[in-house]
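Undergrad: Take this sequence and fold it.
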Amino acid sequence: MKFVLLLFPILLAQVNASSIRTVLDRVYDSEQADKGEKLYESRCVKCHEGNDPEGPVLIGRTFIERWREDDLEALFSYMSDRMPADEAGSLPSEEYLQLLSFLLRANSYASGTQPLTVDALPGILLVGADGPKPLPVNTLVQLVGCFTQISPEEWSLTQSTPPARSRKGKETTPEELKKSAAKPLGTHTFPLRNFTNISFDFKPDPLKGHKVQVKGVLIRQSGSDRINVIAIDTLAPTCGPGR
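TA: This is a model prediction of the structure:
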């Protein structure tokens, strides 16, 4: 029971019902999905339902687990940047929206009366059939908070935002850092472990007290989740009010 209560504030922070919809809210229309199905059959099925080991199945639990608790913009960006594999990024945005709509329908999310738009994607969360859930263990995540020394050998991310999925691992772009710098601090604390994943000789002391962006692997523990760190980037040299 204690573990559930600890997770509940994180879940509420991830999904603010007043500002974020989910794919359960009928976010595409049937015409988009119909067009997307035709595109899928002509451009996608040869890899994703064929013999290509690089073309994973896009329908079912494994696909949903890979993308759930992330907004549709992440999936749309992945598709429009990398697909089709033989002509990456070659389709117009409208066709990628149609393909995305078809994938939602194929995964049993009901259609609505309004078409899915690019502008709407960041505000729509992909969730399972039973709604939002905590991120799975071993998920690659990104957080923003205060880099805090707890003891001579222990460090934590305090005043942290809830963990959000990361798709880029150690890679960090200036645009990503700009977005992270604009995020307000949160209310969570996560012990940080395995700094040698960053580099064998990583020294945490220069970042003490900084507002930072942390990427790492989310480890679920009874009573306290932790982050196995793979990257830390400073966002500001202090972590006071207004940061």
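
Undergrad: domains of the protein?
TA: 11-126, 140-236 (automatic domain parsing).

Undergrad: Mind telling me which of those domains the model trusts least?
TA: Ranked on mean pLDDT, the bottom entry among those is domain 11-126, at a mean of 88.

Undergrad: Please tell me how far the residue lying farthest from the centre of the chain sits from residue 197.
TA: The centre of the chain is farthest from one residue, residue 152, which by Cα atoms, centre = their mean lies 32.3 Å away. Counting by Cβ to Cβ, to the nearest Å, the gap from residue 152 to residue 197 is 20 Å. From N, CA and C alone the C-beta is placed, and that goes for glycine too.

Undergrad: So for this protein, the centremost residue is which one?
TA: Mean-position check on the chain, Cα atoms, centre = their mean. Result residue 165 at 2.6 Å.

Undergrad: Who are the contact partners of that residue?
TA: Counting by Cβ atoms under 8 Å, 6 or more residues apart in numbering, residue 165 touches 69, 70, 74, 135, 139, 140, 141, 142.

Undergrad: top of these by neighbour count?
TA: Most neighbours among the contacts of residue 165, by other Cβ atoms under 10 Å: residue 69, with 24 neighbours.

Undergrad: excluding its backbone neighbours, what's nearest residue 74?
TA: residue 167 (6.2 Å; Cβ to Cβ, 6 or more residues apart in numbering).

Undergrad: Name the nearest residue to residue 69, sequence neighbours excluded.
TA: residue 135 (5.3 Å).

Undergrad: I'd assumed residue 218 was in contact with that neighbour.
TA: Yes - counting by Cβ atoms under 8 Å, residue 218 is a contact partner of residue 135 at 5.8 Å.

Undergrad: Give me the common contacts of those two.
TA: Both residue 135 and residue 218 are contacted by 141, 163, under the criterion Cβ under 8 Å, 6+ apart.

Undergrad: Skipping its backbone neighbours, what lies nearest residue 160 in space?
TA: residue 145 (3.3 Å).

Undergrad: Check which element follows the stretch of helix or strand the one you found belongs to along the chain.
TA: In this assignment (DSSP states H and E), residue 145 forms part of strand 140-151. Following strand 140-151 in sequence order, the next helix or strand is strand 154-160 (DSSP H and E).

Undergrad: relative to strand 140-151, how tilted is that following strand?
TA: 120 degrees (axes from the mean of the first three to the mean of the last three Cα atoms, to 10 degrees).

Undergrad: Tell me the strands beside the helix or strand following strand 154-160, with direction?
TA: Counting by DSSP H and E, the next helix or strand C-terminal to strand 154-160 is strand 164-165. In the sheet, strand 164-165 lines up against strand 140-151 (antiparallel) (DSSP bridges).

Undergrad: That concludes my questions; thank you for your assistance.
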